[in-house]
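Chemist: what follows is a predicted structure for the sequence shown.
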Amino acid sequence: MDRKPMATIIIPVYNAQAYLEKCLDSALQQTYDNYEIICVNDQSPDDSQRILEEYGKKYSEKLHYICNEENIGQGQSRMRAIAMAKGEYIFFLDSDDYLDQDYLETFMREVQEEDYDVVVAGFKRIMPDKTVDHDIIESEFTRVCYTVACCKMYRKDFILQHRIDFTDQRIGEDIFFTLSFYCCKARTKFIHYFGYNYLYNPKSTTGALSYNRHFERVAADMFARLLDRYPMESLEQEQGYLVQYAYVSTMTDALFHYGRGAKPALMKKMHAFVLRDMYEKFPDIKSNPYFRIRGLEGPSLMNKIGVAVFMGSIRLHLDGALCWLVSLI
């Protein structure tokens with residue numbers, strides 16, 4: 001590929017005034033020169049609009065912004081920007097995060113050598129007292145369960161051809177997006193690179209999740225939409241196993257991570273809902289060979305243990321006691 005393909009960085013903006021200038025500066029200081037930036041103000045009530053206007057005026061050839069007429073959420077804001085993007089490749093950047101200068105160049109080098117639909121990288125997690133590199137393992141698990149929309153590059157034609165989108169949900173929309181690429185068999189490249197700087201923000205949608213947000217019901221709806229679009233019978237056996245694993249991994253997070261402290265009565269309802277939903281969606285789920293600690297390459301040890309313990313407790317009829325214990329923590 002002799003010419004430089006164009007890239008589009010998409011930045012949804014909501015309550016980001018404290019971080020937005022650093023975010024925009026990092027996007028504007030890329031070493032790769034053929035790109036545009038599209039910011040979508042999702043009716044942010046703070047001073048973000050003023051910042052966008054200032055940057056839009058100063059960098060009018062590179063940076064464009066639009067304003068939603070109503071608050072529609074991050075996923076739908078991204079879809080608005082995709083529809084107007086001129087770039088052949090799409091990047092997502094959250095407005096409280098920032099990029100290393102060689103971010104675009106590193107990704108674009110990969111598709112100039114070979115035509116991939118998705119290029120996947122790790123990230124740096126920026127915390128008050130330390131910075132941690134999060135690497136990725138090239139595996140089928142990573143394709144399915146590394147569900148962040150950022151830290152990746154997407155070929156726009158693949159998105160449009162397969163009508164891949166975000167749901168209108170406000171939580172977990174990245175999971176639906178990622179699984180759609182997996183179900184559509186996207187050609188994927190993994191790179192060991194940490195140029196995306198994820199600033200941990202406890203006030204973000206994900207950071208603020210707890211049992212009272214009922215993530216298990218959000219996840220159930222999200223997977224229902226996924227299976228409506230990509231029914232299990234349309235997937236290869238391996239794909240089906242991995243979709244089931246992604247479901248159980250997500251529900252394990254909902255019960256054991258976000259469900260801590262829910263108190264026994266509420267946890268009992270959450271647990272019953274998950275079991276009912278799981279067997280309705282996947283009647284044969286107990287035959288899946290990956291619900292063992294050594295069953296699947298790629299997951300972290302904690303993920304493997306969580307999934308294996310939950311599915312094992314169901315087989316031993318100890319899942320109710322396990323959830324009760326978690327509810328007290």
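Modeler: Ah, there it is.
Chemist: state the pLDDT value of the residue nearest to residue 273 when sequence neighbours are not counted.
Modeler: Using C-beta to C-beta, 6 or more residues apart in numbering and skipping the chain neighbours, the partner closest in space to residue 273 is residue 216 (6.0 Å). Every residue, glycine included, has its C-beta placed from N, CA and C. Model confidence at residue 216, given as pLDDT, is 93.
Chemist: likewise residue 147?
Modeler: Reported pLDDT for residue 147: 90.
Chemist: and if you look at residue 1?
Modeler: As predicted, residue 1 sits at a pLDDT of 49.
Chemist: again with the one 4 residues further on
Modeler: The predicted structure scores residue 5 at 94 on the pLDDT scale.
Chemist: how much space separates it from residue 153?
Modeler: Computed with C-beta to C-beta, to the nearest Å, the distance linking residue 5 and residue 153 is 11 Å.
Chemist: looking at those two, which one has more neighbours?
Modeler: Using other C-beta atoms under 10 Å, the more surrounded residue of residue 5 and residue 153 is residue 153, with 24 against 16.
Chemist: what are the ranges of the strands in this structure?
Modeler: Taking DSSP state E as the test, the strands found in the chain are 7-13, 35-41, 63-67, 89-92, 98-99, 118-120, 123-126, 131-134, 152-155, 188-190, 196-199.
Chemist: circling back to that earlier point, count of residues packed around the residue nearest to residue 273?
Modeler: Close neighbours of residue 216, defined as other C-beta under 10 Å, add up to 22.
Chemist: repeat that for residue 234.
Modeler: Neighbourhood size, residue 234 [other C-beta under 10 Å]: 11.
Chemist: so what sits against both of residue 5 and residue 153?
Modeler: Common neighbours of residue 5 and residue 153, counting by C-beta atoms under 8 Å, 6 or more residues apart in numbering, are 89, 108, 111.
Chemist: so which of the residues you listed is the closest to residue 230?
Modeler: Ranked by distance to residue 230 (C-beta to C-beta), these are led by residue 89 at 23.8 Å.
Chemist: give me the distance between the spatially closest residue to the closest one that is not a sequence neighbour and residue 263.
Modeler: Among residues not flanking residue 89 along the chain, residue 7 sits closest, at 4.8 Å (C-beta to C-beta, 6+ apart). Residue 7 sits 48 Å away from residue 263, going by C-beta to C-beta.
Chemist: so which of the strands of the chain comes closest to residue 181?
Modeler: Among those, strand 118-120 comes nearest to residue 181, with 5.7 Å by C-beta to C-beta.
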